[in-house]
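Student: mind looking at a prediction? Sequence and model below.
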Amino acid sequence: MTTTALPNRHFVWIAAALLVAALPHAGHLPPWVAALVPAAIALRLGLGRPPGRWLLVPLVVAVFVGVIAQYRAISGPDAGGAFFTAMVALKFLEARSTRDAGLLICLAWFQATAIFLYSEVIGMAVYVIASFALTTVALMTVIAPDGPSPRRRLGVTATLLLQALPIMLVLFVLFPRIPGPLWSLHDDTQARSGLSDSMSPGQIADLALSYEVAFRVEFDGDAPAPRHHYWRGPVFAAYDGETWRESEYDGNADTPALADADEAIDYTLTLEAHRQRWLFALDMPADERPRGTEFNGARQLLTEERVRATRRFELRSHLDYRLEPDVDQRRREEATALPDDTAPRARELAGELRAEAGDDDAAMIDHALEWFRAGDFEYTLSPEPLDGDATDEFLFDTRSGFCEHFASAFAILLRAADIPARVVTGYLGSEAGGPGDYFIVRQSDAHAWVEVWLADEGWVRVDPTATVSPDRINLGLGGIPGTEDLIPDLGRGEDSIRRRIALTWDAVNHGWNRFVLGYGPDLQERLLDRLGLEHLGRYALGVLSIAITGLLVAAIWLLGRGADRPRDAVERAWRAVERRLRRQGVVRAPDEGVYAFCQRAAWERPDLAPALARLADLHDQLRYRPAPDAATRQQFVRAARAFRARPGQTASADTSERPLRR
């Protein structure tokens, strides 16, 4: 690249490349930055030249101050992304030379790739490839402004992308994978999707309105019955009178023991990014856990790093078990603790039920469930607001709520009866996916239930929602009467063309997540085992992938260099004539001109002399006239395409007269 001034019309392609690269970032940028990009581009193209420093310098200062005021920082994906986008726009505003154009093209490539900090869906990957293609066309325009047409440039770009495909595949498959995404520098201040690290009435009901995928599951064999699809997530044992939170003891406590477990179920869970550490497992996760995960003191499965990208985990779970048959006194006291001024009416009810059940905790639980069953409670996504003591108002006044209302009130009722109880949040149910043997769990499947501790049995799952609304357990949220106008239409389970299309597209995304986004160290190791390369270490594997890539680059370069392809229609048409004559034994010598070759060919094949004479004359006009017109080119191409050399008359013994003359 040089410092030669570039005509204004050539910046149009660069402007298009920058706009396409920046467009996906619009939702993550402040409105003033998003508006600055097209404004700067329009001003530069409208003026036809860069404005003076009197405008550029104040704009740079204003952008710097604006980003600091907006983010209180200049680095990080959000602040840095906004600053970078604004600076690229200002760079375009001051651009004047081919060197500036080359720098802008590199920045467009970088910005197009940076969108993977926010989204890795298959549609975004296709968009980035299209952005790359447009930017490459802009580069070709800068390098050769008077070169081929835009259509021809697009063809060359497509060829380059296809040539890069095998190199990309080798590096993707063989280069040592790192756990988690390359973009793990992304901060954790952004909004998280899915369940929260605490629970209070109303939070989970909001998730029921979302059709977004939480995770997908593939079972190694027959799937368990739908009533067993409890996906265990955060466990809350600490209660302050309003909100349930994780126990302060669970972080450092030993993993609770699992006894008398039945045969484990194997499955693979593909978890969408939620920027939290928890991993959802079929209740109850087995001792064998995936690499990079751990248990806390509530036997909740956690990842070592926050899940910032789609990840796949191979899991094992038990449906029948005893969890922590012996609990220490400290954890028991926490699981029965209630603030002194909490739920006085519920405490009174607990005393009455305890008097009926006696010292039998299991009987007490049955009495409490029966009280819920006979209490005319309503399961609803739009419960009445609770203004005073939420538990007492729900149990005795409104009697309408979502699963978290039932779980919280039931756990408080049991604690008031001195029975250890805690709230578990996660998901309940699943939906059969599109083509392919897998299940989809959506945010609308979010659920809360209770675990109670019984002597000799340990922690036992009790779901009060199942007592009040059995349809929620058996049919899912979409099968409950009265929810038709509240949940998304695609989540109601109705068979429709739109739903089938959605499931088919989900199957495509599942394949993308499984084989592309989910291609991590574990999957790479299994693939290398099948290829017989399991003995290679990470460094040897890296060297091998680079070596194969080098060979592919050399092969592509040699093939492209060795291919002697004509560049225009006239030359391609003439080469076709030569091939037809060659099949009849008339071969052009390396040092033989076109006219001389036609003269000799006409002598050897007098039957072709008229056609060869016309071709030779038109070729001379095209190659030796100062400015041949388009009509002459078309005449030559048509004559060459019409030329046919079939077995026919050969040359006579008399060579004194040549059939072709000037």
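Tutor: Nice, I can see it.
Student: what about the nearest residue to residue 422 once chain neighbours are set aside, neighbour count?
Tutor: Excluding its sequence neighbours, the residue lying closest to residue 422 (Cβ to Cβ, 6 or more residues apart in numbering) is residue 237, at 4.1 Å. (C-beta placed from N, C-alpha, C; glycine too.) Close neighbours of residue 237, defined as other Cβ atoms under 10 Å, add up to 24.
Student: go on, residue 580?
Tutor: Residue 580 has 16 neighbouring residues, counting by other Cβ under 10 Å.
Student: ok, residue 101 - how many residues close by?
Tutor: The number of residues packed near residue 101 is 23, by other Cβ under 10 Å.
Student: need the phi and psi values for it.
Tutor: Residue 101 adopts backbone torsions of phi -60, psi -40, taken as degrees, to the nearest 10.
Student: rewinding a little: residues contacting the residue nearest to residue 422?
Tutor: 246-247, 250, 298, 331, 334-335, 422-423 (Cβ atoms under 8 Å, 6 or more residues apart in numbering).
Student: kindly check the end-to-end length of stretch 451-467 for me.
Tutor: Across stretch 451-467, the terminal residues are separated by 15 Å (Cα to Cα, to the nearest Å).
Student: any low-confidence regions in the stretch 351-500 of the chain?
Tutor: Within the stretch 351-500 of the chain, the stretches with pLDDT under 70 are 434-436, 471-496.
Student: hmm, 50 instead?
Tutor: For the stretch 351-500 of the chain, the stretches with pLDDT under 50 are 483-486, 492.
Student: quick one, strands of it?
Tutor: In order along the chain, the stretch 351-500 of the chain carries the following strands (DSSP state E, counting those that start in this stretch): 378-379, 400-401, 421-428, 431-432, 439-442, 446-454, 458-462.
Student: strand partners of the second one, parallel vs antiparallel please.
Tutor: Using DSSP bridges, strand 400-401 pairs in its sheet with strand 378-379 (parallel).
Student: likewise for the longest one?
Tutor: For strand 446-454, the paired strands and their directions (DSSP bridges) are strand 421-428 (antiparallel), strand 458-462 (antiparallel).
Student: check the fourth one too.
Tutor: Applying DSSP bridges, strand 431-432 is found paired with strand 439-442 (antiparallel).
Student: so what touches the strand it pairs with?
Tutor: Contact with strand 439-442 is made by 210-219, 223, 229, 231, 280, 427, 429-433, 491, 506, as judged by Cβ under 8 Å, 6+ apart.
Student: now with 6 Å?
Tutor: With contact meaning Cβ atoms under 6 Å, 6 or more residues apart in numbering, strand 439-442 is reached by 211, 213-217, 427, 430-431, 433.
Student: which one of these is nearest residue 574?
Tutor: Of all these, residue 574 sits closest to residue 433, with 57.1 Å by Cβ to Cβ.
Student: can you get me a residue count around the closest one?
Tutor: Per other Cβ under 10 Å, the neighbour tally for residue 433 reads 20.
Student: swap in residue 465?
Tutor: Residue 465 has 25 nearby residues by other Cβ under 10 Å.
Student: which residues of the stretch 501-650 of the chain score low on pLDDT?
Tutor: Applying pLDDT under 50 to the stretch 501-650 of the chain flags the ranges 562-564.
Student: show me this structure divided up by domain.
Tutor: Using automatic domain parsing, the domains assigned to the chain come out as 8-147, 198-492, 569-642.
Student: format these as CSV; extra columns: distance to residue 550.
Tutor: Below are those laid out as CSV (distance: least, Cβ to Cβ, whole Å):
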stretch, distance to residue 550
domain 8-147, 22
domain 198-492, 29
domain 569-642, 33
